[in-house]
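Participant: Build me a model:
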Amino acid sequence: MTKIELFFRRALVLLILGGIIFFIIKVFLFLFPAEEMVIDVPLTPAKAVALTFDDGPHPEFTLKLLEILDKNDVKATFFVVGKQIKKYPEFLREIQKRGHEIGNHTFNHPLLTTLDRTGVINELELNKIEIKKETGMEVNIFRPPSGRYDEKVLEAALSKGFIPVLWSVSGSDYGSTDPKVVMNNVLSAVRNGDIILLHSGVEATLKALPEIIAEIKKRCFEFKTVTQMLKTDKVPKKIYIYKNNEPVAGDRR
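Facilitator: Residues are numbered from 1 along each chain as shown. This is a model prediction of the structure:
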């Protein structure tokens, strides 16, 4: 047997072995699928982050938040709750008037994973109707309360055209009373392409926000709305992974 024949015979054997190993891996992955659920959110080519505020509109703090954002020429995304809109529709209209983005945070703010498919859809649709009634806008981005979702929630939401949006940095401000803690939580973690989670009805957030904005601008980041971030394609992606419905990145607020 010549050296060339020996080389090709060995190459053929290795090719066959590689095919067998690949087939075994595929079978294993089919029988034991990964538990992670992944939502990909594209990064923007420029250095940019998105500020988001959950749970409003809030009668005491929404206008104050808007004044800070206006003063700093920053547009944010507000994930609003339907029952709050019913109480304070004028504040939702003010968010729209000042050019900020509005997202759906359900009507009653339940954990969607505790509802059946119809319940999930009702929560999103009822809030969508409420938002449209007050603003005339069709809103499709939504954030599940506490960031909790599962396959049922995603399937139900996507079937009705709703786009799930989580976050990659949290101020962990819900229940916090210390503005410095909120500020440090954000500034110690923020990177290009991040979606920052804050809340509309927290005084500590209101006090921390000017410094958060100033420092992020100092780092040469732009502020964009969530939709502006999501529309960017053909760029690297940041991945948000929840395993067994527990967050691996970020927290559940």
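
Participant: Just the residues contacting the helix or strand where residue 184 lies, thanks.
Facilitator: Using DSSP states H and E, the element containing residue 184 is helix 179-187. Contact partners of helix 179-187, identified using CB atoms under 8 Å, 6 or more residues apart in numbering, comprise 169-173, 176, 196, 198, 202, 204-205, 207-208, 211-212, 215-216. C-beta here means a position set from N, CA and C on the backbone, and glycine is covered the same way.

Participant: what element comes up after it heading to the C-terminus?
Facilitator: strand 195-199.

Participant: and that following strand, which strands flank it?
Facilitator: strand 48-56 (parallel), strand 169-170 (parallel) (DSSP bridges).

Participant: What mean pLDDT does the shortest one get?
Facilitator: The reference is to strand 169-170. When pLDDT is averaged over strand 169-170, the result is 94.

Participant: got it, and stretch 146-155?
Facilitator: Stretch 146-155 comes out at a mean pLDDT of 92.

Participant: In strands, which of the contacts of helix 179-187 appear?
Facilitator: Per DSSP state E, strands hold the following members of those: 169, 170, 196, 198.

Participant: Of these, just say which sits nearest to residue 65.
Facilitator: The closest of the ones in strands among the contacts of helix 179-187 to residue 65 turns out to be residue 198 (CB to CB; 8.9 Å).

Participant: what about the closest one, how many neighbours?
Facilitator: Neighbours of residue 198 under the rule other CB atoms under 10 Å: 29.

Participant: ok now do it, which residues does it touch?
Facilitator: 51, 52, 53, 54, 171, 173, 182, 186, 205, 209.

Participant: Check the protein and tell me which residue is nearest its centre.
Facilitator: For the chain, the residue nearest the mean C-alpha position is residue 166 (1.9 Å; CA atoms, centre = their mean).

Participant: so how far is residue 62 from that residue?
Facilitator: Going from residue 166 to residue 62 by CB to CB, to the nearest Å gives 22 Å.

Participant: quick one on the thing from earlier: would you mind confirming that the residue nearest to the centre of the chain makes contact with residue 226?
Facilitator: No: with contact defined as CB atoms under 8 Å, residue 166 does not reach residue 226; the gap is 10.3 Å.

Participant: Now list whatever residues contact both of those two.
Facilitator: Common neighbours of residue 166 and residue 226 (CB under 8 Å, 6+ apart) are residue 195.

Participant: on that earlier part again, neighbour-wise, which of the ones in strands among the contacts of helix 179-187 leads?
Facilitator: Top of those by neighbour count (other CB under 10 Å): residue 198, with 29 neighbours.
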